[in-house]
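Asker: Sequence and predicted structure below; questions after.
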Amino acid sequence: MLTRRIGGVEVSAIGLGGMPMSLAGRPDRARAVETIRTAVDRGVTLIDTADAYSADDSDFGHNEELIAEALKGVDGVLVATKGGHTRTADGDWALNGRPEYLKAACEASLRRLGVDAIDLYQFHRPDPDVPTAESVGALAELLDEGKIRLAGVSNFDPAQIREAVEVLGGRLASVQNQFSPAFRSSEPELELCAELDVAFLPWSPLGGISAAGRLGQEFSAFAEVGAAHGVSPQQVCLAWMLAKAPQVVPIPGASRPASIADSADAVHLELSEEELRRLDG
């Protein structure tokens with residue numbers, strides 16, 4: 001498996017996003033566990049989760065517990081989780097970026113994951129009611145306390161990324177932002193991460209749970225290039241992202257073993273400069 005680095009730690013160039021296995025409409029637990037184990041069997045060593053990946057507030061932390069169960073006895077996998085989102089009883093998303101909340105959320109994630117230190121802990125999304133520096137400052141304190149090994153941020157713009165670098169004293173390991181053929185407005189963040197040598201982790205790289213299967217229909221160039229190579233449009237999409245910069249580590253979500261197996265094979269696909277230009281168009 002092709003590898004990349006996050007904060008100096010080597011991981012697979014394709015990760016697994018756990019969100020589809022825990023939201024409403026999720027697969028049964030056995031299939032979800034099989035999906036995670038299939039990812040590991042195919043060489044995936046980065047698994048992304050968050051405490052808020054759940055159906056609603058009644059099973060908050062569902063995905064972290066699921067991943068801890070599936071990885072029991074497994075070594076060599078970097079688990080990235082996030083804090084700062086909350087869930088409501090009706091399944092809506094809310095924010096809490098207060099430092100005291102993030103520290104408490106980290107403690108809860110440590111318990112659910114069953115670890116002494118979280119491999120990569122990311123602030124899930126800026127809270128407009130809390131200065132960014134205060135929220136990121138909580139990550140700096142968690143690093144200093146040894147509760148987390150690496151710190152990252154998610155859904156940050158370039159100015160916020162630079163602020164996070166400063167607050168963390170140059171210890172920012174990752175930025176997890178949305179990026180896909182349908183959502184390319186985070187190119188500036190990707191380019192900044194390449195400049196700063198910070199890992200860029202595209203979330204929903206295939207367009208999200210409901211749109212991933214239609215990627216080739218909505219973006220015909222990906223289907224055409226895939227047909228030429230005998231692979232899926234989804235594989236082409238991930239290979240296209242990997243070609244953008246060595247700091248890019250896509251984290252496609254999956255709820256079926258076959259989906260992550262197909263995504264993992266994207267590391268073997270080499271695209272020509274002409275193909276990359278077509279896909280960029």
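Answerer: Structure's in. What do you need? Everything quoted here is computed from the prediction, not taken from an experiment.

Asker: if I look at the residue lying closest to A245 once chain neighbours are set aside, how far off is A50?
Answerer: Distances taken as Cβ to Cβ, 6 or more residues apart in numbering place A194 nearest to A245, at 3.9 Å, with adjacent residues excluded. Glycine gets a C-beta too; all of them are placed from N, C-alpha and C. Here A194 is placed at a distance of 25 Å from A50 (Cβ to Cβ, to the nearest Å).

Asker: which phi and psi does the residue nearest to A245 have?
Answerer: Main-chain torsions, A194, degrees, to the nearest 10: phi -60, psi -40.

Asker: Make sure R149 is indeed in a helix.
Answerer: No: the assignment for R149, made by DSSP: H, G, I helix; E, B strand; the rest coil, is strand rather than a helix.

Asker: hang on, it packs against L110?
Answerer: No: with contact defined as Cβ atoms under 8 Å, R149 does not count as touching L110 (11.8 Å).

Asker: quick one: common contacting residues for those two?
Answerer: Taking Cβ atoms under 8 Å, 6 or more residues apart in numbering as the criterion, R149 and L110 both touch A117, I118.

Asker: Same drill for A194 and A50, tell me which one is more crowded.
Answerer: Neighbours were counted for A194 and for A50 using other Cβ atoms under 10 Å; A50 has more, 26 against 16.

Asker: That one is in contact with T86, isn't it?
Answerer: No: assessed by Cβ under 8 Å, A50 is found out of contact with T86, at 11.0 Å.

Asker: Neighbours of A264, how many?
Answerer: Considering only other Cβ under 10 Å, A264 is surrounded by 25 other residues.

Asker: element containing it?
Answerer: helix 257-264 (DSSP states H and E).

Asker: No further questions, thank you.
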